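> fold the following, please.
(one chain, ligands or ions: 1)
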Amino acid sequence: MKGVVGISLSGKFKCSLSLLKNLKTIRVAVMGRKVNALALCIGLDKIGVLDFLEEPRTLSEVSSFIGNVKREDVLRELLEVLVDESVLVKQNAHYKVNRAEVERLHEMRRSGNMMFRDSEPLLSGFEKVLYEIMVDVLRGAGFDFVAPEVATLFYIQTASEAYGLGRRLLLELGGGKASLKGRKILDLGCGFGVEPITILNYLEFDCHLVCADFFPNVVDECMHAEVKVNGESKRLKDLENVEFVKLDPSMRKPFPIPDEYVDAVFSFQVLHWSSHPQEIICEAARTMKSKGTFMTATPMKKREKSTTTDVIVKLLGGNKTYSEEELKGFFEEAGLKKYSFFLSNFAIAVKN
Ligand SMILES: C[S@@+](CC[C@H](N)C(=O)[O-])C[C@H]1O[C@@H](n2cnc3c(N)ncnc32)[C@H](O)[C@@H]1O
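Model (predicted):
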């Protein structure tokens, strides 16, 4: 079928069956939205807004209650996405809290639902410090991935079971060991080091890995991450089959990687952070050989409308999430004409 990458459905399910058992076939992005709705509720609760919304209030009343709000657009978006998740009810331009739905989200957290359990760093982060970031952003401040509060959150979050599971599923969808062993792989947005170690272990060290990230200190941390090789602890930077590249987050400079240098690109939970997803995908495609596979995971939404995930991404210094249609457009533009989507979070696209 035109535009669909050649993973047969049975093959797709076979390779991911054990992983799917863990995911219980839930739509990852939908659960992600629920987790993020709870995070926003916790943040609003911390600053007294949920109690304030026991009575119906307008946007400007909420804005005055918080005080010094410069980004009323973000506050409106925040309230609207919570209406979409039934956490707030909107009537005649007045917002009111729906306590039953807030309690349902807390109950999902207490019940140990995997997505909630693995998002504890985010949820407890909102309880302890991230609610302050939320207020600062509403008052006009900007944060990015390497702001201490954000970096600390993701240092912990990216080591979670859900991230590990997601990365292995993406590797399986990208052809698994059979296709990826012995190959040169660009780990695009490699993060602090857990991810390259996961790839190395999955491929039994039989690959060449190019670890690339957009922030020098993230690359630095990754270089110093320790991995066990035949029982011996080694730093990633000391492995012969691993190299490191620093990328320009503004995407004004191309990746410092030659054309057709790698067989595959692996990019997990990165695209929604950048304001330049098209440029990033084009550069990834340029660095891949013909028939190279681009593996990516990023929360995908049904429509282009904002979601709780978009608001969380924005508060933490990222950009936005995309619909499958938008991602298809990016792939086509980059010359990746065959693609496939999975569980509203994963995509595989192949270069001609
Ligand atoms: C949640 S981490 C994922 C890291 C890694 N793939 C993992 O799973 O451990 C988000 C990634 O997006 C990158 N990132 C954050 N802000 C960015 C921006 N403005 N432009 C490009 N990349 C960004 C970070 O450097 C990091 O690699």
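> what is the rounded mean pLDDT of stretch 209-222?
For stretch 209-222, the mean pLDDT works out to 98.
> buried set for it?
Going by neighbour count (16 or more other C-beta atoms under 10 Å), the buried part of stretch 209-222 is 209, 210, 211, 212, 213, 214, 215, 218, 219, 221, 222. Any C-beta I mention is one placed from the backbone N, CA and C, and that applies to glycine too.
> need the contact partners of it.
With contact meaning C-beta atoms under 8 Å, 6 or more residues apart in numbering, stretch 209-222 is reached by 145-146, 151, 184-193, 196, 199-200, 223, 236, 241-249, 255, 257, 261-262, 274.
> can you rerun that using 6 Å?
The set of residues external to stretch 209-222 that reach it, using C-beta atoms under 6 Å, 6 or more residues apart in numbering, is 146, 185-190, 192-193, 196, 242-247, 249.
> in strands only, show me these.
For the contacts of stretch 209-222, the ones inside strands are 185, 186, 187, 188, 242, 243, 244, 245, 246, with DSSP state E as the criterion.
> follow-up on the earlier one: greatest separation within the buried residues of stretch 209-222: which pair is it?
The most widely separated members of the buried residues of stretch 209-222 are 209 and 215, with 18.4 Å between them, by C-beta to C-beta.
> for the residue of the stretch 151-300 of the chain found nearest the ligand, give me the pLDDT.
Minimum separation of the stretch 151-300 of the chain from the ligand (C-beta to the nearest ligand atom) falls at residue 191, amounting to 2.8 Å. Residue 191 is assigned a pLDDT of 98 by the prediction.
> and the residue nearest to it when sequence neighbours are not counted, backbone torsions?
Excluding the flanking residues, the one nearest residue 191 by C-beta to C-beta, 6 or more residues apart in numbering is residue 158, at 5.2 Å. Per-residue torsions, residue 158: phi -70, psi -10 (degrees, to the nearest 10).
> for the stretch 151-300 of the chain, just list every one of the strands.
For the stretch 151-300 of the chain, the strands defined by DSSP state E, counting those that start in this stretch cover 184-188, 208-213, 226-229, 232-235, 242-246, 262-268, 288-297, 300-301.
> of those, which approaches residue 84 most closely?
Closest to residue 84 of the strands of the stretch 151-300 of the chain is strand 300-301 (C-beta to C-beta; 10.9 Å).
> number of residues surrounding residue 182?
Look at residue 182: counted by other C-beta atoms under 10 Å, it has 11 neighbours.
> phi and psi next, for it.
Phi and psi for residue 182, reported as degrees, to the nearest 10, are phi 80, psi 0.
> can you tell me how far the residue lying closest to residue 38 once chain neighbours are set aside sits from residue 135?
Leaving aside its sequence neighbours, residue 38 sits nearest to residue 105 (C-beta to C-beta, 6+ apart; 4.1 Å). For residue 105, the distance to residue 135 (C-beta to C-beta, to the nearest Å) stands at 21 Å.
> returning to what we had before: could I have the helix or strand hosting the residue nearest to residue 38 exported to CSV, CA atoms only?
Following DSSP states H and E, one finds residue 105 within helix 99-110. Only the C-alpha atoms of helix 99-110 are listed here, as CSV (Å, rounded to 0.1, in the frame of the first residue of the first chain):
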residue,chain,number,x,y,z
ARG,A,99,-14.3,17.2,41.6
ALA,A,100,-15.5,13.7,40.5
GLU,A,101,-13.1,13.7,37.6
VAL,A,102,-10.2,15.1,39.6
GLU,A,103,-10.8,12.3,42.1
ARG,A,104,-11.0,9.7,39.3
LEU,A,105,-7.5,10.8,38.1
HIS,A,106,-6.1,10.6,41.7
GLU,A,107,-7.7,7.1,41.9
MET,A,108,-5.9,6.0,38.7
ARG,A,109,-2.6,7.1,40.3
ARG,A,110,-3.4,5.3,43.5
